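Prediction below, plus the sequence it came from.
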Amino acid sequence: MNNNPTSEYQAEKLLKLALINKSERIYQILNNVKGSPTYKGSVFEHFLAGLYNGIGWKAVVHGGKGDKGVDILLYHQSRPSQVHTIIQAKNTKSRLSKKDIRHEYANFFGDDFSSSQGASEKFQCKIFIIISLNGYTENTLQLTHPKTDTHQVSHYTWNEIQQLIERYSQSHQFQNVSRHKKTIIKKEAVKKGINAKKMGFRFFIILSFIILIFNLVSCPPEKIEVDRLTDDMIERLHETKLTAIRKQDCQNLNYPLETCPEALIYRYRTLYGDKTLKTALVVYFCGQGHFKKGKCRAFEKKALYVLTGK
């Protein structure tokens with residue numbers, strides 16, 4: 001008798017840890033899931049699908065016995081009925097070998113010798129991601145396939161999963177901040193309405209003036225230091241449309257266009273300079289190539305506008 005909880009239930013527990021970005025704990029749990037290889041794989045698949053659903057994709061778990069290399073189907077919001085990406089997820093303690101990758105390629109591209117249909121043709125999809133929890137053996141990723149020239153194949157490791165967890169956590173923080181902000185605004189509106197009647201017009205004007213002066217003195221735009229984009233910042237960021245180069249970055253990284261700007265900001269914050277949001281915004285507006293050449297000073301005002309609104 002199998003006493004394991006369902007794979008969906010186990011995945012939900014992992015997603016709760018992902019909300020607070022407990023990636024190390026998640027890695028330990030995934031590596032020590034008790035049960036059959038099929039059960040361990042199912043937990044991993046549902047967890048990954050939950051992450052993708054949480055950052056704006058529609059992810060459908062398709063895996064099971066004889067899944068032919070299709071564990072998860074990803075759909076983009078711009079084309080909800082067309083499969084955008086096929087994911088094969090591997091939760092094994094051993095690293096994937098060349099033999100394993102050849103097998104996955106055969107499932108995705110099809111077998112030319114037997115003329116069997118591959119997942120790519122079946123789902124009319126040319127993007128394939130293999131996600132291995134514990135990576136790949138030496139030189140495995142040098143393996144090629146004749147059809148990789150016309151298809152996009154990516155090999156993810158724990159590093160990419162950690163990035164997904166961070167984006168999942170950030171996405172839910174944005175939602176919680178938005179809900180909390182609406183609640184505060186509603187309460188403050190009611191409170192101000194009551195106080196205005198009690199205090200009288202003159203005292204209300206004086207109080208508003210004091211608050212205004214306090215905000216100007218305590219929060220000068222040049223000294224604001226934040227490590228998360230607020231709702232207001234995201235709104236100002238979206239005032240500038242994505243350039244063709246940024247759209248290409250979004251596609252290459254499989255970021256949904258609706259949330260891509262803020263996702264790119266967090267990525268650039270990690271990759272460049274002092275890792276502040278201001279630096280990341282400068283890179284976003286100026287471009288990575290120009291930033292590396294030190295030609296982005298003119299974009300600092302634009303970055304400060306997103307951060308401060310001024």
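Yep, that arrived. Residues are numbered from 1 along each chain as shown.

quick one: the longest strand anywhere in the chain to chain centroid distance?
The residue-count maximum for a strand in the chain (DSSP state E) belongs to strand 79-90. Here strand 79-90 is found 16 Å from its chain centre; the criterion is CA atoms, centre = their mean, to the nearest Å.

counting contacts, what elements does the helix or strand that comes right after that strand pack onto?
Under the assignment DSSP states H and E, the closest C-terminal helix or strand after strand 79-90 is helix 98-109. The elements that helix 98-109 packs onto, with contact taken as 3 or more CB pairs under 8 Å, 6 or more residues apart in numbering; DSSP states H and E, are strand 79-90, helix 119-123, strand 127-132. Placement of C-beta: from N, CA and C, glycine included.

switch the cut-off to 10 Å
strand 79-90, helix 119-123, strand 127-132, strand 152-156 (3 or more CB pairs under 10 Å, 6 or more residues apart in numbering; DSSP states H and E).

Partner strands of the last one and their direction?
Spelled out, it's strand 152-156. With DSSP bridges as the test, strand 152-156 is paired with strand 127-132 (parallel).

Just the CA atoms from the partner strand would do, formatted as CSV, please.
Below are the C-alpha coordinates for strand 127-132, written out as CSV (Å, rounded to 0.1, in the frame of the first residue of the first chain):
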residue,chain,number,x,y,z
ILE,A,127,10.7,24.9,-28.5
PHE,A,128,12.0,22.1,-26.1
ILE,A,129,13.3,22.5,-22.6
ILE,A,130,14.9,19.6,-20.7
ILE,A,131,15.0,20.4,-17.0
SER,A,132,17.4,18.1,-14.9
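
could you check the angle strand 79-90 makes with it?
Between strand 127-132 and strand 79-90, the angle comes out at 30 degrees (axes from the mean of the first three to the mean of the last three CA atoms, to 10 degrees).

ok and strand 127-132 relative to helix 98-109, angle-wise?
Using the same axes, to 10 degrees, strand 127-132 lies at 150 degrees relative to helix 98-109.

Could you pull up the mean pLDDT of strand 127-132?
Mean per-residue pLDDT for strand 127-132: 96.

Tabulate the helices and strands packed on helix 98-109 (JSON lines), appending mean neighbour count and distance to Ala18.
As requested, those are arranged in JSON lines below (neighbours: other CB atoms under 10 Å; distance: least, CB to CB, whole Å):
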{"stretch": "strand 79-90", "mean neighbour count": "18", "distance to Ala18": "15"}
{"stretch": "helix 119-123", "mean neighbour count": "18", "distance to Ala18": "27"}
{"stretch": "strand 127-132", "mean neighbour count": "22", "distance to Ala18": "15"}
{"stretch": "strand 152-156", "mean neighbour count": "17", "distance to Ala18": "16"}
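
Show the low-confidence segments of the stretch 201-310 of the chain, by residue range.
For the stretch 201-310 of the chain, the stretches with pLDDT under 70 are 201-227, 273-275.

again, only this time at 50
Along the stretch 201-310 of the chain, the parts satisfying pLDDT under 50 run over 216-225.

same check, this time on the stretch 1-150 of the chain
Residue ranges of the stretch 1-150 of the chain with pLDDT under 50: 1-2.

Domain-wise, how is the protein divided?
7-163, 186-218, 224-310 (automatic domain parsing).

do you know which of the ones you listed lies nearest Ser171?
Taking CB to CB, domain 7-163 is the member of the domains of the chain nearest to Ser171, at 5.2 Å.

ok now that closest one, how far from the chain's centre?
Counting by CA atoms, centre = their mean, domain 7-163 comes out at 16 Å from the chain centroid.

what's the first-to-last distance across that domain?
Domain 7-163 stretches 23 Å from its first residue to its last (CA to CA, to the nearest Å).

hang on, the earlier thing: counting contacts, what elements does the longest strand of the chain pack onto?
Where contact means 3+ CB pairs under 10 Å, 6+ apart, strand 79-90 is packed against helix 37-54, strand 58-61, strand 72-76, helix 98-109, helix 119-123, strand 127-132, strand 152-156.

which residues touch stretch 104-119?
62, 67-70, 73, 83, 86, 88, 90, 96, 120-123, 125-126, 128, 130, 132, 143-148, 150-151, 153, 155 (CB atoms under 10 Å, 6 or more residues apart in numbering).
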